[in-house]
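Enquirer: Turn this into a model:
(2 chains, ligands or ions: 2)
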Amino acid sequence: MTAAEESPLLRVTDLTTHFRTDRGLMRAVDGVSFTLERGRTLGVVGESGSGKTVLSRSVMGLLPRGDVVRGGTVQYAGEDISALDEDGLRRLWGREIAMVFQDPMTSLNPVVRIGRQITEHLRLHTGASRADARAKAAALLKSVGIPEPERRLREYPHQLSGGMRQRVMIAVALATGPRLLLADEPTTALDVTVQAQILDLLRAQQRQRDMAMILVTHDLGVVAGRTDEVAVMYAGRVVERAPTRTLFTNMRMPYTEALVRSIPRIADPGHTRLAAIPGRPPDMTRPPAGCRFAPRCAYARDKCRAEQPPLRESGEPGHTFACWYPVGTPEGAAALERNRKEAS
Amino acid sequence: MLRLALKKLAILVPVALAVSVLTFLLMNLLPGDPAYTILGSRATPQSVAELTARLHLDEPVWTRYSSWLGGVLTGDLGQSYLNYQPASSLIGHALPVTLELLVLSQVIALALAVPLGVYSARHPRGWVDRIASTVSFGTLAMPPYMLGVLLVSVFSVGLKALPATGFTPFGDDPGLNLRSMVLPSLTLALGSLAVYVRLLRTEMISTLQQDFVTVARAKGLPGRAVLWRHTVRPSMFSLVTAVGINLGSLIGGAFVVEYIFALPGVGALTLNSIFQRDYLVVQACVLVVAVGYVLVNLLVDLLYPIIDPRVRHV
Ligand SMILES: Nc1ncnc2c1ncn2[C@@H]1O[C@H](COP(=O)(O)OP(=O)(O)O)[C@@H](O)[C@H]1O
Ligand SMILES: [Mg+2]
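Expert: Numbering: from 1, shown residues only, chains lettered A, B, ... in the order given. Ligands and ions are numbered 1, 2, ... in the order given. So this is what the prediction gives:
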């Protein structure tokens, strides 16, 4: 085995992405580390604004040009790609690392035929002839569940429904056989009935191709049963990370607990109102001094407001979290109890 | 598609009728009598009366209009009172000049606007953007004849690089023809340029925010494919619309430019005929311009589906 094959497919170390804005430095991603092995899936979950999109784009190096301060490293197959310029990254984009975006209605160029949008990078990266690329595109469309692929190839995006367009976007991403797929809220813009289909399609394709995937979502329900591991993000940081099953059975972060409570239960029609988390995420140009979740947390004590908790091991394999009074521990229960008493 | 084209073409009939009636009435309201103008110093009451009768100028307006219309319907646009040349042959000589002027001006305007707009959008508030917008507003504020005079004083009088006036038909000497058309076309082009650059710049800046541009980058496409296929092409709608709408006012501008640079186009022909009360030639010119205007708009309508597939399938 060479060094590149031994190292994990993706190793992100202390990644930060800050934007210089009129209101000050916006800490969109603030010290995130994780690794992802080949063929594995990681769910990244957090409320809107927690930095999930910026994180996935930072991993890819696909940030807007301009007032961005970047820190930390991203190693892809052993190579530090965070130092590459756009020309260097272009070698990986679309070929090794692909992305499915949130809104299929705006992800396709309205004036270019579907066929061209699937084959343009396919031909660029594989050197396939026009006819070969077309045949491959048709096969891809078929594999993502689009009937009459030959006809669809000649159509324009506006002739397709939202669900169909997201299938096309998945075909676009899969076209070159990438080893890492970043799916940024791939179903948020779709009807509930279509969501499950698209998620299952992604999962099936990921397994078939032995491709690693980062599935970004604000809905913990989406990653349940669909990813190997989950990282919970809050205010630009990972606050808990665990194998998916462990996270659901043994969560430690009060924020994770609150997210679990807010999962919509379709099976439970009489009770579909979510227990939304009270309050709003902090303004990341002025993050709170201690734990960033403390202002909204039912467990928070003075220590939480003063000192930022570090990520620590729970004892179970692969489970880390950042909390002073964790859920399911005597300290946590005591903190919650005292807060209740003080409130009444 | 064909149905749409035919429907648009049908508009020609009411437009042509309305325009010709209006011109007929307006020309009659103008002070001055063609008979006097034609006879000039030779005018005596008797000769004026004779000529008036011969030209049917003593008949009521509507009689003259209907006999003119009858002529038009049989393909006869009438003839000049002054030199008895058929109006159709006068226009036949003048029209190519005007068309060349219009086409060249738009080619120049677009050839300048596209790179300027694209560059300004990619580097907003950069120095190209600033200079382009300052110069743009300058040309917007300046009427075309002033621009023309300015260009003449720089290129003809100052640099002595290009002729200020005079015209060589394209058939006689293409090189000389183009040289004589440069300044007039540029004058006309500069008037449109400002608007075109602004429109393209604005639409491109909003396209650059679109997800599909990021998708194109994420595919690893080379910068020029991201730029032209995925940014410029989807940003052309307002520009094409503007060119279409602008052509109407451009015809007015062309008239002025032809007059300044002494180009023998339809504009010069129309203006001269108005001054000389050569009613039937004016009438023919206006009719040709109106028909041309409708045809150009039809052409633009037919162009839309080519650049915007969303229009193709409604
Ligand atoms: N280009 C940018 N400039 C300044 N702030 C940005 C930029 N992009 C994102 N942000 C901010 O970073 C934070 C995280 O955004 P994002 O990653 O889109 O959140 P999420 O995807 O989790 O909803 C948000 O507060 C957002 O306003
Ligand atoms: Mg997002």
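Enquirer: Just the CA trace of the helix or strand hosting residue A:122, in PDB.
Expert: Assigning secondary structure by DSSP states H and E places residue A:122 in helix A:114-126. Extracted as PDB, the C-alpha positions of helix A:114-126 are listed here (Å, rounded to 0.1, in the frame of the first residue of the first chain):
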ATOM      1  CA  ILE A 114     -29.700  18.600 -20.400                       C
ATOM      2  CA  GLY A 115     -27.400  16.400 -22.500                       C
ATOM      3  CA  ARG A 116     -24.700  19.000 -22.800                       C
ATOM      4  CA  GLN A 117     -24.900  19.700 -19.100                       C
ATOM      5  CA  ILE A 118     -24.200  16.100 -18.300                       C
ATOM      6  CA  THR A 119     -21.600  15.500 -21.000                       C
ATOM      7  CA  GLU A 120     -19.500  18.700 -20.900                       C
ATOM      8  CA  HIS A 121     -17.400  17.800 -18.000                       C
ATOM      9  CA  LEU A 122     -17.600  14.100 -18.800                       C
ATOM     10  CA  ARG A 123     -15.900  14.700 -22.100                       C
ATOM     11  CA  LEU A 124     -13.500  17.100 -20.500                       C
ATOM     12  CA  HIS A 125     -12.300  14.700 -17.800                       C
ATOM     13  CA  THR A 126     -12.500  11.400 -19.700                       C
END
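Enquirer: And it, what does it pack against?
Expert: helix A:130-143, helix A:149-153, helix A:162-174 (3 or more Cβ pairs under 8 Å, 6 or more residues apart in numbering or on different chains; DSSP states H and E). Placement of C-beta: from N, CA and C, glycine included.
Enquirer: Show the average pLDDT along that helix.
Expert: The average pLDDT within helix A:114-126 is 95.
Enquirer: Excluding chain neighbours, give the residue nearest to the residue of the stretch 151-300 of chain A found nearest ligand 1 in space.
Expert: Residue nearest to ligand 1 within the stretch 151-300 of chain A: residue A:284 (5.6 Å; Cβ to the nearest ligand atom). Counting by Cβ to Cβ, 6 or more residues apart in numbering or on different chains, residue A:284 lies nearest to residue A:27, which is 4.8 Å off, once chain neighbours are set aside.
Enquirer: if I pick the closest residue to chain B within the stretch 151-300 of chain A, what's in contact with it?
Expert: Residue of the stretch 151-300 of chain A nearest chain B, by Cβ to the nearest Cβ: residue A:156 (4.1 Å). The neighbourhood of residue A:156, defined by Cβ atoms under 8 Å, 6 or more residues apart in numbering or on different chains, consists of A:110, A:111, A:112, A:113, A:114, B:309, B:310, B:312, B:313.
Enquirer: In ChimeraX, select just the buried ones from these.
Expert: In ChimeraX, this line selects whichever of these come out buried by 16 or more other Cβ atoms under 10 Å in any protein chain shown:
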select /A:110,111,112,113,114 /B:309
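Enquirer: can I get the contacts of residue A:156 in JSON lines with secondary structure?
Expert: Output for these, formatted as JSON lines (DSSP: H, G, I helix; E, B strand; the rest coil):
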{"residue": "A:110", "secondary structure": "coil"}
{"residue": "A:111", "secondary structure": "coil"}
{"residue": "A:112", "secondary structure": "coil"}
{"residue": "A:113", "secondary structure": "coil"}
{"residue": "A:114", "secondary structure": "helix"}
{"residue": "B:309", "secondary structure": "helix"}
{"residue": "B:310", "secondary structure": "helix"}
{"residue": "B:312", "secondary structure": "helix"}
{"residue": "B:313", "secondary structure": "coil"}
